[in-house]
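Undergrad: Build the 3D model from these lines:
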Amino acid sequence: MTRVFHISDIHFGLEDRRALDWLVDCVRKERPDAVAITGDLTMRARHREFAAACRWIQSLDVPVTVEVGNHDLPYFNLVERFVDPYRRFRSIEALVEREIPLPGAAIVPLKTTARAQWRLNWSKGTVGHAALAQTLNMIDTLPAGTRAVVACHHPLVEAGTRGKALTRGGDHALAELAKRGVLAVLSGHVHDPFDLIHPTPHGPVRMIGAGTLSQRIRSTPPSFNELTFASGDIKVRVRNLEMIPTRAMQIEDVPENAMPPRSEGEPVAPIGAVPPVDPPVH
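TA: Numbering: from 1, shown residues only. Now for the predicted structure:
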């Protein structure tokens with residue numbers, strides 16, 4: 001059994017210090033196998049915000065993976081944004097792991113950010129042909145029997161949260177991931193947690209979203225996901241500062257025609273079912 005803490009949208013510069021201290025305390029006491037961060041480490045990609053993020057990641061003292069979010073691209077320096085948009089983010093990449101051993105699975109990144117888009121709101125996600133091709137190639141070269149857990153910042157399709165995703169190319173990307181039988185797609189961006197199954201023309205895909213550890217909350221308090229990997233599946237438990245039970249923190253609007261892949265002989269969960277609720281741990 002492997003445990004990963006899935007966090008997102010820390011937004012250093014507008015972080016919730018109490019939430020960050022709580023997460024660090026959970027890591028130190030419980031020693032998860034890894035921490036996966038799905039983007040938006042900073043608020044405005046300032047150098048001091050990245051420096052604070054680096055110090056905080058080093059304080060975790062466990063393997064960490066990080067994906068880039070739209071807030072991690074230069075906001076004020078447009079020249080740098082167009083010429084070298086990921087230069088500041090690379091200071092984070094030097095501190096983290098590229099691969100984390102999981103039982104029968106591997107975390108594979110998918111870039112959903114862009115330096116510019118043909119729409120006014122550049123914060124929205126987009127999956128370019130090159131980014132998708134790179135991710136699919138990584139999946140296709142995984143060892144036999146290893147399923148991919150794709151990590152990106154933006155939900156590839158709408159997840160029913162208050163914050164909207166509207167990721168361009170997301171439907172196509174999700175369908176291609178379904179062809180490869182991915183175990184799940186992890187994301188952030190909308191600041192509310194969710195765990196649902198989304199149908200595609202090539203089968204259903206599980207989508208798991210983490211909330212925020214910043215002051216920019218929407219419908220739910222600061223939170224992170226505890227992911228438990230065992231027997232080819234992922235159990236998700238949402239943990240939050242207000243100790244609200246997991247069921248109340250997750251979206252239950254699962255499409256009626258969507259069912260997750262299951263092993264032969266495995267019992268079928270009711271449509272719309274949410275994983276069992278464990279007592280909240282502070």
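
Undergrad: Is Ala53 in a helix, a strand, or coil?
TA: helix (DSSP: H, G, I helix; E, B strand; the rest coil).

Undergrad: Please tell me how far it sits from Leu196.
TA: 29 Å (C-beta to C-beta, to the nearest Å). Heads up, the C-betas are built off the backbone N, CA and C, glycines and all.

Undergrad: Check Lys29 too.
TA: 30 Å.

Undergrad: ditto for Asp72
TA: 26 Å.

Undergrad: wait, Phe5 sits on Thr38?
TA: No: look at Phe5 against Thr38 with C-beta atoms under 8 Å: they stay out of range, at 11.5 Å.

Undergrad: who has more neighbours, these two?
TA: Shown here are Phe5 and Thr38; by other C-beta atoms under 10 Å, Thr38 has more neighbours (29 against 23).

Undergrad: State the pLDDT value of the more buried one.
TA: Looking at Thr38, its pLDDT reads 97.

Undergrad: again with Gly128
TA: 95.

Undergrad: wait, it sits on Arg115?
TA: No: in this structure Gly128 lies outside contact range of Arg115 using C-beta under 8 Å: 10.8 Å.

Undergrad: And the helices in the stretch 51-200 of the chain, which stretches?
TA: 78-83, 90-93, 129-140, 170-179 (DSSP state H, counting those that start in this stretch).

Undergrad: looking at the ones you listed, which is buried most?
TA: Among the helices of the stretch 51-200 of the chain, helix 170-179 has the highest mean neighbour count (mean count of other C-beta atoms under 10 Å), at a mean of 20.

Undergrad: And Asp40, its phi and psi?
TA: phi 60, psi 60 (degrees, to the nearest 10).

Undergrad: thinking it is in contact with His11, fair?
TA: Yes: Asp40 is in contact with His11 according to C-beta under 8 Å; the separation is 5.8 Å.

Undergrad: Now list whatever residues contact both of these two.
TA: Listed as contacting both Asp40 and His11 by C-beta atoms under 8 Å, 6 or more residues apart in numbering are His71.

Undergrad: In terms of neighbours, single out the busier of those two.
TA: Asp40 (28 against 24).

Undergrad: Leaving out sequence neighbours, find the closest residue to that one.
TA: Nearest non-adjacent residue to Asp40, counting by C-beta to C-beta, 6 or more residues apart in numbering: Gly69, 3.4 Å away.

Undergrad: Can you get me a residue count around that neighbour?
TA: Neighbours of Gly69 (other C-beta under 10 Å): 29.

Undergrad: check contacts around it.
TA: Neighbours of Gly69 in contact, by C-beta under 8 Å, 6+ apart: 8-9, 38-41, 113, 153, 188-189.

Undergrad: and the closest residue to Glu30 other than its chain neighbours, which of the three is it?
TA: Closest residue to Glu30 apart from its sequence neighbours, by C-beta to C-beta, 6+ apart: Arg3 at 7.7 Å. Under three-state DSSP, Arg3 falls in the strand class.

Undergrad: Poorly predicted segments of the chain, please.
TA: Low-confidence segments of the chain, defined by pLDDT under 70: 162-165, 252-282.

Undergrad: let's see 80
TA: 93-94, 97-99, 101, 159-165, 251-282 (pLDDT under 80).

Undergrad: Grab the most central residue of it for me.
TA: Ser187 (2.7 Å; C-alpha atoms, centre = their mean).

Undergrad: Identify the residue nearest that one in space, chain neighbours excluded?
TA: Pro155 (4.7 Å).

Undergrad: burial of the one you found, as a residue count?
TA: 31.

Undergrad: show me what contacts it?
TA: Here Pro155 is in contact with 125, 161, 165, 167, 170, 187, 189-190, 194, 207, 209 (C-beta under 8 Å, 6+ apart).
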